Structure formats: structure tokens, C-alpha cells
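In: sequence-free structure coming up:
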């Protein structure tokens, strides 16, 4: 069974919000749109977004780290938002595990958004239905696009490659390897939602320097303390002091 | 959570309608087994049914204001296998139709004895319909309560006390309103209705205080650590991804200060429990219908505050992601 998901590398994310704008641009003009904004250029701007980048400061000055944290629907394998929907508008696709909303069936009761511990769903105040990240379902299967472009638009937009996209059930996929090798984790595991999206933690690259790294024990010249031969001595080429 | 007035009116008005109907059936059952000596005319039940239906209809009307697309409301009956909201949408009209049937059989006097239990006690058609209606009434209470109690990460709601409180508070307020009806139309039922109203209000006070006690001691399972997956005790939000607020800040925060929330709590404890208990007890003794009206009115005002507090107190784990702009 396929479970498409994003793996977001917090070690690489620089918080530029390119994924936010490209998500908004693609989806507002795609089948999930329009995602209307209100007061876009005045006080209290608001609007529907499927993806946002938040920023957290870890630690206390001066020992702080800044973590940029992209946040979108995690496409849970056991999504609590789906069974609560009274109309069946909210569903999880069998074939690829994407959690979607049928905008023509949604009655706009907001119950699904209450049932999501991550706050991943947003009401569209204009269309008065619930909306959420679709993993760009309207482009990842689009055969008119070159194969390399059949990815969620956030993943394509990311300038640092912090967003990996693939099948987390395929053990040999890029995303599965990343989760396994780089310590990928799920958000709020305490609720048993089993999110498909994973996050890769901040990692510090440390060089382990051993004594033997500093002293060349495998020196082909063996003896580090040799003295330079004098002018009258045999040259390096014909000497046998090696 | 942000308390939505549509849902506050929906749940409180349904509660009165349900409790009022339970009061009518209780009266008829007591009369059927001769616990209350005076029989009531069919007109009493028929008009009572209309009052109950009026409250239920008002609640149903309020519920539509919660929907973004009310014209699609018919679709909400389809997911009864998994959704308590869908089950409520089925239980409400099912209950209302039995209430209507109960009233109609009384109004048209289509009554006959189904089972003769003893020489003086019998089960009539209308009472049987009323008992089925009472069963559906409790089904509806369970569905309404479970809508909130089934969301496990809203820890303030995820307890059987939620269902118990909805049931007891709804029944208590319904019996209080029924006391007013009895005071105006059937003085011989005052003691029955007001007595039950006092009993139910007292029990509701007990269970509501229990849930307040429980919720005050809740430890949130989710922390900012588990929310973003960084193991550090000092994590401060610097940006939430939107400067002017969003659905996440509007829907899940009540936006009131702690003082207001505390004030509402004391207000509802006073109005739902203390005042009606005193007023009803006094009214039973001096038989003054104005006091019954005051008791029922104050209790309903208190229930609005109670329901507001119920929503405001629920702390959604998504709020962890929206601590600072």
C-alpha cells in the first residue's frame, strides 16, 4: 500500500516561506481554489493557507537555536478528522493515503478541524467549506508534466531541498531512507494518529579528531623526525634511508 | 475553543425540549400507576408536546447557523457508522417525530389500553409512545454528549462526565420549565415536576462540580516538545506563519481573559444550581408561579454561561502552535 508523504528536514529549512507562497499560488488557481484572502493589504490580513512556516527559538540567550518549522497537513495513517465527518466529505484515499475533502459534499460544520490535534485544517470563509493540504493531488499524477515536476509545489519550490516527497511505505524510497538514516520522527505521537509526514531533526555535524588523525602513523616516510640530507649527501632519489 | 453561539443555543434549547418531554412522560407514567391521583386531560399533553417541539425546533434552527453550507445538511445523515454528529442528526428528528406522534395521539384522543398491568394500572398507547420517545430522548442526549466526549485530545471533554452532564443539565432545565407549565396549567403536578427539577439540578451540580474538579487537575498530554519534536525545556515561539491571525487563532481561542472565564464559571454555578434550588424549593412551599418562572429563566441564562464555559475551557492541542504571533 502506498502512503505518499512529505519528509521535512528541519536541519536544512531556512524559513524563507517559498513553500508557503508556491503552495498558495498553485492551490488557489487549482481545483482547491480560490483560497480567498481578506484585508490582504490592510490591518489584520487573513486568508486560507494549507502550509505555513513557523519559527521557534530553542534555549536561552546566548545559547539559542532558531528552528524554522513548516506546518501542513500530516496525512495521518489513522486520521482522527475522517471518521467524525457527518457527510463523508472528509476521506482518506485508499490508493495513496492522501487525506482529502470533497468540497461539494462538505457542509462546513468545522467538526473535522476540531478533531485534528495539529490544527491542519482551515475553513474557506468565502466558499464556506473546510479545506486542507492535498499534497497537490492535482499535479503529482499529471502526465502532461515532465516526470520530475510531478511533485507537490512546496517541495519543488524549496530552494534548500528541505522537503522530500515520496512513498513512506516503500522501504527503499528516498523518504524512507531519510526517515531511517536521519532520525525522522512524527509530531505528537501521543495521540496515535500515526502521521505520514515526518520531520528530520536538527543535526550538528561534529568531526571526531583522534590522536592518529593528527600524527601520521601511516606516513609513507615512516620516520617523521628525519633530518634533511646535506648538500653532499645522497639525494632523496638515490638514497636508501627510507 | 471559541464558543459558538449557534452551538450554545442548539445544545441548551435541545436540552430543555428533551427534559420537558421527559417531564410529560413522567407525569403520565406516574398517573398510569396511580402515584399522582389526578388525571390530566389530553389537552395538557398535547399543548405540552407543542412546547417541547418549540424548544427542539428552536435548537434545530440554531444549529443551521453553525453550518457553512446549510443547504447540504441532508448529507449529514450518511456517516452514522463512524460519526456521532451524524448519529445526532438522525436521533434528533427520530425523537422529534415520536414527540409529535405522542402529542398527536393525545390531541386526537387515539388512546386505548395496550396492557392491563393490574386492576388500576395500565399501559396505554400514548404512554407506550411516550416511553419510546423517552428512550430516543436519552439516545439523543448520548449522541450530543459523545460529539464532544469522543475527541480524545480535547482532554476536558474526553470523559463520560460530558455525556452525564449534558443529560442531567438538559433534563433539569426541562423539568424546571415543566414546573412553570404545571404552575400555570396543572397545579397538582407542581410537586412532581419541581421535585424532579430539584433532584436533577442537585445531581447535575454534583457531576458538573466533579468535572470542574477533574478538569482543574488535567495535565496536558501534548507539549511544545512533542508538538515540534525538539527535546528542550525552553522553547519560545517567534512566528506563527501569519501576522494577522488565522482560522487557527480564531476558532480555537476564546480570546477572553482568565478573569472573565472565572467570572462566567461562578456565574453559571450560581444561576444553574444555587438560585434554582433555592427558588424551586421556596416556590413549592408558597406555590407562586412567578418564582417558577424566575427559577427556569435564571437556570436557562446560567446554562448559556455553562455552555460558554464548557467550550472556553477546552484547550485544543493545536494552540501549542499558536502561542505568539
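Out: Okay, I see it. Everything numeric in this text was worked out from a predicted model, so none of it was measured.

In: so what's the residue of the stretch 51-200 of chain B found nearest chain A closest to, chain neighbours aside?
Out: Nearest residue of the stretch 51-200 of chain B to chain A (CB to the nearest CB) works out as residue B:68 at 2.1 Å. Yep, even glycine has a C-beta here, placed from its N, CA and C like the rest. Among residues not flanking residue B:68 along the chain, residue A:108 sits closest, at 2.1 Å (CB to CB, 6 or more residues apart in numbering or on different chains).

In: surely the one you found meets residue A:131?
Out: No. Using CB atoms under 8 Å, residue A:108 is not in contact with residue A:131, being 10.4 Å away.

In: So for those two, which sits in the more crowded spot?
Out: residue A:131 (24 against 21; other CB atoms under 10 Å in any protein chain shown).

In: so what pLDDT did the more buried one get?
Out: As predicted, residue A:131 sits at a pLDDT of 96.

In: Residue A:34 versus that one, what's the distance?
Out: 11 Å (CB to CB, to the nearest Å).

In: Return the residues in contact with residue 23.
Out: No chain specified, so I'll use chain A. By CB atoms under 8 Å, 6 or more residues apart in numbering or on different chains, the contact set of residue A:23 is A:49-51, A:72, A:133, A:152-154, A:157.

In: Please refer instead to chain B.
Out: Neighbours of residue B:23 in contact, by CB under 8 Å, 6+ apart: B:48, B:174-175, B:178, B:193, B:196.

In: Quickly list what's touching both of residue A:108 and residue A:131.
Out: Joint contacts of residue A:108 and residue A:131 (CB under 8 Å, 6+ apart) are residue A:123.

In: which parts of stretch B:265-274 are buried?
Out: Neighbour-count burial for stretch B:265-274 flags B:265, B:267-269, B:271-273 (criterion: 16 or more other CB atoms under 10 Å in any protein chain shown).

In: got it, and stretch B:246-260?
Out: Those would be B:246-249, B:251-254, for stretch B:246-260 by 16+ other CB under 10 Å.

In: restrict these to those near chain A?
Out: By CB under 8 Å from any CB of the partner chain, the members of the buried residues of stretch B:246-260 lying near chain A are B:246-248, B:251-252.

In: which helix is the longest one in chain A?
Out: Ordering each helix of chain A by length in residues (DSSP state H) puts helix A:18-28 first.

In: Centre of the chain to that one, how far?
Out: 15 Å (CA atoms, centre = their mean, to the nearest Å).

In: in chain A, which residue is closest to the centre?
Out: In chain A, the residue lying closest to the centroid (CA atoms, centre = their mean) is residue A:8, at 1.5 Å.

In: so whichever helix or strand that residue is part of versus helix A:18-28, what angle?
Out: Assigned by DSSP states H and E, residue A:8 belongs to strand A:4-9. Using axes from the mean of the first three to the mean of the last three CA atoms, to 10 degrees, the inter-axis angle of strand A:4-9 relative to helix A:18-28 is 160 degrees.

In: Partner strands of strand A:4-9 and their direction?
Out: Its sheet considered, strand A:4-9 pairs with strand A:163-167 (antiparallel), strand A:198-200 (parallel) by DSSP bridges.

In: Name the stretch among those strands that sits most buried.
Out: Most buried of those, by mean neighbour count (mean count of other CB atoms under 10 Å in any protein chain shown): strand A:198-200, with a mean of 24.

In: Need the contact partners of that one.
Out: Contacts for strand A:198-200 (CB under 8 Å, 6+ apart): A:5, A:7-12, A:168, A:175, A:178-179, A:182-187, B:228-229.
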